[in-house]
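**Student:** Structure for the following, please:
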Amino acid sequence: MFHRLLAPFFLCLFAMNVQANETEHARERSLQISLEQQKEAGIQTAVIELSTVTVFITLPGEVILNRNNVSLVSSRIQAQIEKRLVSEGQEVTQGDPLVVLSSADIADTKAQLILAAQEKKRKTELYKEKFTSKKGVQDAKVEFDRLFSTLLTYGLNRNQIDAVLKAEKADNLLEILAPISGTITQTDIVAGQSVDAGDLLFKLINEESVWVDANIPSNKKVAIKVGSSVSIEKNGILIKGKVISLQHEIDQKTRTRIIRIEMDNKDDLLHSGEFVNTKIDISGSEKAINIPLSATVQNNEGRYVVYVLEDNNTFRPLELNVIKKSNMALVVANVKSGTTFVKEGVFFVDSEFKKQNFVDSH
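**Tutor:** Next up, the predicted model:
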């Protein structure tokens, strides 16, 4: 009879003990931080959403000249160097004079062009007065165009030829102008030297953009595409570029393929012959839950943990089920979209959580 009277009491005591244990367990697995404390500690939260997974691959590469920005300036006729106007290493702008050549062929062609221009004008006026045929005008125009094209072939531009026609002066000089802006990297000519058609006068290089040949192992399968964005860090500066070609031929010695990249080099940070590490974006279009690495800590087992925000400014650690790890983020499977997590200040929250558990365990 006595035991029957005490039974309800023991049941109530047991229930209270279970509830206390559950409350204590919940307290051990969470941490409460007031809004004021969060502000002082620099804690910032964010809502997890589905987003594109950012993935990079790092490949070694060598800087080479952008061949589209290299110009070889050669003599197009047999001539003599009258005067060299620039030196090796000098910066020039497109259209700057580089050298003056002299040639009897230049003088002869200029003289013929001046006469042809006069004849074309005369025949045109006669045709208007009906003193000559249309064929006569056409023949004069054909001869003028032939001589004009000959001077273009010799290396004069249209403005220079127009100046000859305006002045009606047939000298023997040809001033060669810089075809692009850049640096003179090669010239061995001297005044008085004779040159033949095809002889190199200058090598001109513009390094405002350069190529990088990155090497990727032939057995590595990654989704690199033409147009993929690329970055190179040098001296603390991030240089941007993009993939312009994927070469399919495999080097038999290194067993690698070349990924050719075009890099912006307006700040003149990259130079032909140097070796660099390229960071190529190989992100796909699929979306997933991904959490910045900077918002995580690792527990004693080396697993990644994020702190999620619950009610009443309470933070709870959540061990992540990592599917994929990139350079900057983790793709996870056990976090729902819409979950609020600690984005900034995670190390402070983790430290406070561990201190609380240490005190409670003692």
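**Student:** use CA for all of it now, contacts and neighbours both
**Tutor:** OK.
**Student:** Apart from its neighbours in sequence, what residue is nearest Leu147?
**Tutor:** Leaving aside its chain neighbours, Leu147 sits nearest to Leu113 (5.6 Å; criterion: CA to CA, 6 or more residues apart in numbering).
**Student:** Name all residues that make contact with that neighbour.
**Tutor:** Contacts for Leu113 were tallied using CA atoms under 8 Å, 6 or more residues apart in numbering; they are 144, 147-148, 165.
**Student:** any idea how the chain splits into domains?
**Tutor:** For the chain, automatic domain parsing gives the domain ranges 32-53+286-361, 56-67+207-281, 104-170.
**Student:** gap between the two ends of the last one?
**Tutor:** Criterion CA to CA, to the nearest Å; first-to-last residue distance in domain 104-170 is 10 Å.
**Student:** now do the second one
**Tutor:** The distance separating the two terminal residues of domain 56-67+207-281, taken as CA to CA, comes to 5 Å.
**Student:** Centre of the chain to that domain, how far?
**Tutor:** In terms of CA atoms, centre = their mean, to the nearest Å, the centre of domain 56-67+207-281 is found 9 Å from the chain centre.
**Student:** Can you flag the weakest of the domains of the chain by average pLDDT?
**Tutor:** Least confident of the domains of the chain, judged by mean pLDDT, is domain 32-53+286-361 with a mean of 87.
**Student:** The stretch 251-362 of the chain: helices as residue ranges?
**Tutor:** For the stretch 251-362 of the chain, helices defined by DSSP state H, counting those that start in this stretch occupy the ranges 346-361.
**Student:** mind listing the strands for the stretch 151-300 of the chain?
**Tutor:** For the stretch 151-300 of the chain, the strands defined by DSSP state E, counting those that start in this stretch cover 173-177, 182-186, 194-195, 200-205, 209-217, 229-234, 237-246, 256-264, 275-281, 287-292, 297-298.
**Student:** From the centre of the protein outward, give me the first residue you hit.
**Tutor:** Closest to where the C-alpha atoms of the chain average out (CA atoms, centre = their mean) is Gly241, at 1.0 Å.
**Student:** if I pick the closest residue to it other than its chain neighbours, what's in contact with it?
**Tutor:** Leaving aside its sequence neighbours, Gly241 sits nearest to Met263 (CA to CA, 6+ apart; 4.1 Å). Met263 makes contact with 209-212, 239-242, according to CA under 8 Å, 6+ apart.
**Student:** again, only this time at 6 Å
**Tutor:** Going by CA atoms under 6 Å, 6 or more residues apart in numbering, Met263 touches 209-210, 241.
**Student:** number of nearby residues for Leu201?
**Tutor:** Neighbour count for Leu201, taken as other CA atoms under 10 Å: 21.
**Student:** scratch that, Asp268 is what I was asking about
**Tutor:** 11.
**Student:** Go through stretch 212-222 and flag the buried ones.
**Tutor:** Neighbour-count burial for stretch 212-222 flags 212-216 (criterion: 16 or more other CA atoms under 10 Å).
**Student:** ugh, wrong one, stretch 220-232
**Tutor:** 224-225, 228-232.
**Student:** For it, give me every contacting residue.
**Tutor:** 238-245, 278-282.
**Student:** how about a cut-off of 8 Å?
**Tutor:** Residues outside stretch 220-232 that contact it (CA under 8 Å, 6+ apart) are 238-246, 261, 276-282, 284.
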